[in-house]
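Visitor: Quick check, what structure comes out for this input:
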Amino acid sequence: MGRLFGTDGVRGIANTELTCERAMEIGRAAATVLAEGCRHRPTFVIGSDTRASSDMLSAALIAGLCSVGADVIKLGVVPTPAVAYLVGKYKADAGVMISASHNPAEFNGIKIFSGNGLKLPDMLEERIEELVLDKLRPMATPIGGEIGKLTYAEKATSDYIRHIKSTAHTCLDGLHIAIDCANGSASATAPTLFRELGADVHVLHSAPDGVNINKDCGSTHMESLSEYVVKNGLDCGIAFDGDADRCLCVDEQGELIDGDRIMAICSLDLKKRGKLNRNTVVGTIMTNFGFGKFCEENDLRFIATKVGDRYVLEEMLLEDYSFGGEQSGHIIFRDFATTGDGQLTATQLLTLMKAEGKKLSELARIMTRYPQIMINLTISAEGKIAFYSDPEVNRVMEEAKEELGKSGRIVVRPSGTEPMIRVMAEGIDEDQIETIAKRIADVITDRLGNL
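Guide: Take a look at the predicted model:
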């Protein structure tokens with residue numbers, strides 16, 4: 001991670017950590033860096049989620065971009081993957097999403113895409129950081145007609161919906177589904193999308209008020225969706241996060257279908273249809289043990305990267321793989337998108353259900369999930385740095401690895417987007433892994449919790 005950019009852009013509490021001044025500086029620096037070698041006036045598309053702070057930060061970012069001569073097309077409230085798609089459709093030089101994804105409403109973030117819809121490479125992020133933090137050189141201050149102009153994309157949501165609909169290989173007539181929009185970006189697109197695809201749609205948590213994004217809803221809080229699906233006898237439920245770049249599901253019995261199971265269902269279908277490049281699926285070190293077993297049983301190759309959809313995509317691009325994702329619901333169908341896309345994932349899964357004529361619970365049985373315990377610890381930035389060298393933390397982790405042997409594993413890592421350290425233990429014996437995870441968490445809290 002850099003000094004400003006984490007694994008998923010710049011994040012912080014809006015108006016204290018991520019201020020208007022900083023957003024304007026990032027806009028000026030991004031336009032300066034991305035305009036280098038460009039013989040025309042650069043154009044940025046900008047979208048945002050439904051947080052109260054998104055308008056404020058968007059206005060500051062737009063001011064920064066225009067102040068150095070870049071034009072801006074404002075998309076309004078759209079999902080993150082819509083920005084990645086529309087930057088190409090609208091022939092822009094770069095795209096920016098104002099969002100903190102699944103984080104609470106007080107957080108916000110700035111995520112930048114290049115003209116091909118991919119997240120910026122580390123090298124360009126570092127150059128933007130240098131301009132913002134080190135003031136290495138002055139930036140342009142055009143006047144008159146050379147100052148950038150702002151226009152509005154009136155058809156941004158309909159253009160994105162049309163794109164997702166084009167990926168469906170059957171209609172959804174006869175499917176009765178619930179969608180949880182997390183009071184976020186999906187509220188602007190998902191109800192229309194799935195109704196136009198033919199499903200009978202029950203919409204939950206689609207009344208954003210600026211502060212209720214992700215609050216007790218969406219892919220981080222599946223309880224209300226699960227209860228609703230069972231109570232109303234629906235075929236399944238789909239939950240998005242705040243910026244709709246991920247989705248998780250519940251089957252007709254209200255059971256969670258996480259990203260690993262979604263990947264198992266879709267990868268087997270892609271293989272059958274000859275659409276899975278090199279019979280390979282890219283996941284992360286957090287991907288469930290059971291997914292590796294599923295791949296072995298179905299003659300699929302599995303590759304694990306560091307946690308973060310950017311690392312999954314980097315591996316996919318490096319070796320020309322077509323499919324990958326994360327347990328959290330970031331799923332990348334590279335034939336259709338350059339980033340994780342919750343509504344694209346849901347569309348692919350639902351059309352598969354319809355084509356196969358099977359219940360989601362039946363499709364999900366192709367993979368057995370190993371017990372997994374996850375503990376999230378709130379730890380300061382200083383504590384996250386000290387984690388790597390603390391002797392007691394290292395000792396308890398080594399002891400846990402020896403105790404588990406080949407029957408399980410532990411993964412302990414600082415979050416790239418939040419002030420947290422995540423402790424994950426996985427294995428055959430659920431009681432054993434729960435004890436181990438709590439032991440590690442207690443030591444981390446004792447050693448690092450007050451830094």
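Visitor: which stretches of the chain aren't confidently modelled?
Guide: 1-2 (pLDDT under 70).
Visitor: how about the strands in the stretch 151-300 of the chain?
Guide: For the stretch 151-300 of the chain, the strands defined by DSSP state E, counting those that start in this stretch occupy 176-180, 200-204, 236-240, 247-250, 256-257, 280-284.
Visitor: dump the residue contacts of Ala425.
Guide: 372-373, 400, 404, 408-410, 433-434, 436-437, 440 (Cβ atoms under 8 Å, 6 or more residues apart in numbering). C-beta here means a position set from N, CA and C on the backbone, and glycine is covered the same way.
Visitor: hmm, try it at 7 Å
Guide: 373, 408, 410, 433, 436-437 (Cβ atoms under 7 Å, 6 or more residues apart in numbering).
Visitor: most residues in a single helix of this structure, which one?
Guide: helix 430-448 (DSSP state H).
Visitor: Could you check how far that one is from the centre of its chain?
Guide: The chain centre lies 27 Å from the centre of helix 430-448; the measure is Cα atoms, centre = their mean, to the nearest Å.
Visitor: Alpha carbons of that helix, in CSV - could you do that?
Guide: Presented in CSV, the C-alpha positions along helix 430-448 are these (Å, rounded to 0.1, in the frame of the first residue of the first chain):
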residue,chain,number,x,y,z
GLU,A,430,-14.9,-26.2,14.1
ASP,A,431,-14.3,-26.2,17.9
GLN,A,432,-10.6,-26.4,17.4
ILE,A,433,-10.4,-23.5,14.9
GLU,A,434,-12.7,-21.3,17.0
THR,A,435,-10.4,-21.8,20.0
ILE,A,436,-7.3,-21.1,17.9
ALA,A,437,-8.8,-17.9,16.3
LYS,A,438,-9.8,-16.5,19.7
ARG,A,439,-6.4,-17.2,21.1
ILE,A,440,-4.7,-15.3,18.3
ALA,A,441,-7.2,-12.5,18.5
ASP,A,442,-6.6,-12.1,22.3
VAL,A,443,-2.9,-11.8,21.8
ILE,A,444,-3.2,-9.3,19.0
THR,A,445,-5.6,-7.2,21.0
ASP,A,446,-3.4,-7.3,24.1
ARG,A,447,-0.2,-6.4,22.2
LEU,A,448,-1.5,-4.0,19.5
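Visitor: What lies in contact with that helix?
Guide: 371, 373, 375, 377, 379, 383, 386-387, 390, 392-393, 396-397, 400, 403-404, 408, 410, 412, 421, 423, 425-427.
Visitor: and if we set it to 8 Å?
Guide: With contact meaning Cβ under 8 Å, 6+ apart, helix 430-448 is reached by 371-375, 377, 379, 383-384, 386-387, 390, 392-393, 396-397, 400, 403-404, 408, 410, 412, 421, 423-427.
Visitor: tell me which residues in it are buried?
Guide: 432-433, 436-437, 439-441, 443-445, 447-448 (16 or more other Cβ atoms under 10 Å).
Visitor: try stretch 25-43
Guide: Residues of stretch 25-43 classed as buried by neighbour count (16+ other Cβ under 10 Å): 25-35, 42-43.
Visitor: sorry, back to before: farthest pair within the buried residues of helix 430-448?
Guide: Across these, the longest distance by Cβ to Cβ is 24.4 Å; it joins Gln432 and Leu448.
Visitor: got CSV for the buried residues of stretch 25-43, with distance to Thr80 and secondary structure too?
Guide: Converted to CSV, these look like this (distance: Cβ to Cβ, whole Å; DSSP: H, G, I helix; E, B strand; the rest coil):
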residue, distance to Thr80, secondary structure
Glu25, 22, helix
Ile26, 17, helix
Gly27, 18, helix
Arg28, 23, helix
Ala29, 21, helix
Ala30, 17, helix
Ala31, 20, helix
Thr32, 24, helix
Val33, 21, helix
Leu34, 18, helix
Ala35, 23, helix
Pro42, 21, coil
Thr43, 19, strand
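Visitor: Can you name the element that comes right after the host helix or strand of Gly383?
Guide: Gly383 belongs to helix 381-386 when assigned by DSSP states H and E. If you walk from helix 381-386 toward the C-terminus, the next helix or strand you reach (DSSP H and E) is helix 391-404.
Visitor: How far away from the center of its chain is that following helix?
Guide: On Cα atoms, centre = their mean, the centre of helix 391-404 falls 31 Å from the chain's centre.
Visitor: what angle sits between it and helix 430-448?
Guide: If you take axes from the mean of the first three to the mean of the last three Cα atoms, to 10 degrees, helix 391-404 sits at 170 degrees to helix 430-448.
Visitor: Could you list the buried residues of helix 391-404?
Guide: Buried residues in helix 391-404 (16+ other Cβ under 10 Å): 393, 396-397, 400, 403-404.
Visitor: Of the residues you listed, which is the nearest to Gly69?
Guide: Using Cβ to Cβ, the buried residues of helix 391-404 come closest to Gly69 at Val393, 49.2 Å.
Visitor: quick one: that closest one from Ile285, how far?
Guide: 18 Å (Cβ to Cβ, to the nearest Å).
Visitor: And Ala239, by the same measure?
Guide: Using Cβ to Cβ, Ala239 is found at 24 Å from Ile285.
Visitor: next one: Cys38
Guide: Computed as Cβ to Cβ, the Cys38 to Ile285 distance reads 38 Å.
Visitor: Repeat that for Cys249.
Guide: Plainly put, Cys249 is 23 Å away from Ile285 if you go by Cβ to Cβ.
Visitor: In this structure Asp180 contacts Asp216, no?
Guide: No. At 10.5 Å, Asp180 and Asp216 do not qualify as touching, with contact defined as Cβ atoms under 8 Å.
Visitor: who's more crowded, the two?
Guide: Using other Cβ atoms under 10 Å as the criterion, Asp180 and Asp216 rank with Asp180 on top: 31 against 12.
Visitor: For the more buried one, give me its contacts.
Guide: So Asp180 contacts 204-205, 217-219, 222, 224-225, 237-240 (Cβ under 8 Å, 6+ apart).
Visitor: Please consider this matter closed, and thank you.
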